[in-house]
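Engineer: Okay, sequence plus prediction incoming.
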Amino acid sequence: MTVHTQAQYRHVLLQADFDRFARLTGDDNPIHCDPAFAAKSHFGATVAHGMLLYSCICRDLAEMMQGAGVVQLEQNLMFANPTFVNDPITVRLSVEGEASGILDIATDITKPGPDGAPLFTATGTTRVLADRVAFPGVAAFVPSAQAGDAALYGLRPGMRASSARVFSVADLDEYGDLVGDRNPIFRDEGAARSRAYRERIVPGPLLAGMFSGLLGTRLPGRGTGWMKQALRYPAPAYPGEKLSATVAITRLRADKELVNLCTRVLAADGRVVCDGEALVLVRNLENKLE
């Protein structure tokens with residue numbers, strides 16, 4: 001595998017990309033897909049899905065680490081500023097360290113700010129396996145346990161929402177075509193088997209896109225804005241198997257209009273294929289109930 005210690009790539013996302021990603025993931029949150037709704041929000045215009053930006057990071061990881069395929073163990077993201085239609089974004093990746101065949105990589109996305117200086121839109125880190133190192137296993141994510149408020153806009157701790165999905169090979173192909181992700185473990189059976197998978201695996205942004213659909217349409221609901229997401233990938237998910245996603249409220253902060261939620265995707269046999277925690281902003285929530 002060829003690994004560059006630093007890399008940067010430039011992209012421009014269009015409304016057609018937002019709409020296409022919404023169709024692929026089921027997340028038609030109006031802050032992404034409805035210009036009239038978004039214009040009335042604090043954003044002022046439609047903004048990119050957080051997982052669409054994550055897809056750009058994954059696409060560029062595959063360019064940075066060419067060879068047997070990129071296997072992600074973790075991804076942490078903070079969405080510092082919105083990415084609007086036609087914003088020219090730059091993805092910067094930098095290897096920060098390596099231990100036991102695991103690379104720690106900084107993953108940042110910027111766009112030009114008002115003064116021309118780079119403005120961060122998404123910052124984070126990822127951990128990936130180098131070459132064909134054996135999969136080490138990933139510990140379950142432990143959510144924050146800080147005290148919060150009892151209610152916010154009709155939301156309460158313990159509320160949850162779930163959905164089920166079967167990803168097809170065609171969905172994987174559509175994802176790759178949309179974002180240009182050429183990671184061979186998503187695209188080629190032989191490459192996936194060379195990394196000890198039984199077949200092509202479902203990309204992380206599609207698994208996390210199941211959270212996106214729940215957060216942005218059901219809980220908290222339409223108008224929700226993503227602030228942070230932590231992701232862990234304890235086991236692979238395969239096309240053709242039934243996957244169940246659940247989000248559950250763990251903390252409310254009424255003064256800042258913020259909600260913390262546990263996020264998890266399970267395969268039909270009970271294995272956890274994606275685990276983590278979301279922090280979302282409900283300032284623009286379409287239906288605010290007191």
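Structural biologist: Nice, thanks for sending it over. Residues are numbered from 1 along each chain as shown.
Engineer: who's in contact with Pro118?
Structural biologist: Contacts here follow C-beta atoms under 8 Å, 6 or more residues apart in numbering; on that basis Pro118 touches 90, 110-112. To be clear about C-beta, it is placed using only N, CA and C from the backbone, and glycine gets the same treatment.
Engineer: Oops, could you answer that again for Gly26 instead?
Structural biologist: Taking C-beta under 8 Å, 6+ apart as the definition, contacts of Gly26 comprise 163, 165, 209-210, 213, 217.
Engineer: which pair in those residues spans the largest distance?
Structural biologist: Pairwise distances across the contacts of Gly26 peak at 13.5 Å for Arg165 and Thr217 (criterion: C-beta to C-beta).
Engineer: For the residue nearest to Ser212 when sequence neighbours are not counted, give its distance to Lys288.
Structural biologist: What sits nearest to Ser212 in space, not counting adjacent residues and going by C-beta to C-beta, 6 or more residues apart in numbering, is Asp27, at 4.3 Å. Distance, Asp27 to Lys288, by C-beta to C-beta, to the nearest Å: 20 Å.
Engineer: Which one of the two is surrounded by more residues?
Structural biologist: Asp27 (25 against 16; other C-beta atoms under 10 Å).
Engineer: so who does the more buried one touch?
Structural biologist: The contact partners of Asp27, taken as C-beta under 8 Å, 6+ apart, are 21, 49, 51, 209, 212-213, 216-217.
Engineer: Which parts of the stretch 151-290 of the chain are helices?
Structural biologist: 169-179, 184-187, 189-194, 204-217 (DSSP state H, counting those that start in this stretch).
Engineer: helices and strands of the protein: which one bottoms out on pLDDT?
Structural biologist: One helix or strand of the chain scores below all others by mean pLDDT, DSSP states H and E: strand 2-3, with a mean of 54.
Engineer: where does the nearest residue to Arg253 once chain neighbours are set aside land in three-state SS?
Structural biologist: With sequence-adjacent residues excluded and distances taken as C-beta to C-beta, 6+ apart, Arg253 is closest to Gly148, at 5.7 Å. Following DSSP: H, G, I helix; E, B strand; the rest coil, the label given to Gly148 is coil.
Engineer: wait, Gly148 sits on Lys256?
Structural biologist: No - using C-beta atoms under 8 Å, Gly148 and Lys256 do not qualify as a contacting pair, with a distance of 10.4 Å.
Engineer: Check the chain and tell me which residue is nearest its centre.
Structural biologist: The centroid of the chain falls nearest to Met51 when counting by C-alpha atoms, centre = their mean (3.6 Å).
Engineer: Let me see the contact set for that residue.
Structural biologist: Applying C-beta under 8 Å, 6+ apart to Met51 gives the contacts 21, 25, 27, 205, 208-209, 211-212.
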